[in-house]
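**Q** next one to model:
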Amino acid sequence: MNAPEDYIKDWIDKADHDLGSAKLIFLHLPGYSDTIAFHCQQAVEKYIKAIVDQYDKAILLNGFSVQIRYPDQIIYLTKEELETSIAIAQDFRNFATKMLSIE
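**A** As a prediction, this is how the structure comes out:
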């Protein structure tokens, strides 16, 4: 896993801890509804942050939306930049198909 993926995984792990806490408190102290609800909210917030951090990778491709469209704009990309672009696009395809339950 590379650094951005590690960071995203860290958000998921932290969110899982909040969700796990909510479930445990619910099982053992169901009257603590405020604390259960708080941990649920915190879990969702962290899951959303993980998704947002995933989308931040797309920013790397933003410049290509205009630069490459016109014949007077020529850009040269390295093999590494092209491989990174392809990997980001593939990650988003995988994410979208997983979220939408389609393959």
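
**Q** now do the longest helix anywhere in the chain: distance to the chain's middle.
**A** Secondary structure of the chain per DSSP state H: the longest helix is helix 3-28. Here the centre of helix 3-28 is set off from its chain's centre by 14 Å, with CA atoms, centre = their mean, to the nearest Å.

**Q** buried residues in that helix?
**A** Buried residues in helix 3-28, counted by 16 or more other CB atoms under 10 Å: 8, 11, 14-15, 18-19, 21-22, 25-26. Glycine gets a C-beta too; all of them are placed from N, C-alpha and C.

**Q** closest to Gln73 among these?
**A** The shortest approach to Gln73 among the buried residues of helix 3-28 belongs to Ile8, at 32.4 Å (CB to CB).

**Q** after the worst-scoring helix or strand of the chain on mean pLDDT comes which helix or strand?
**A** The helix or strand of the chain with the poorest confidence is helix 64-67; it has a mean of 67 (mean pLDDT, DSSP states H and E). Downstream of helix 64-67, the first helix or strand assigned by DSSP states H and E is helix 79-99.
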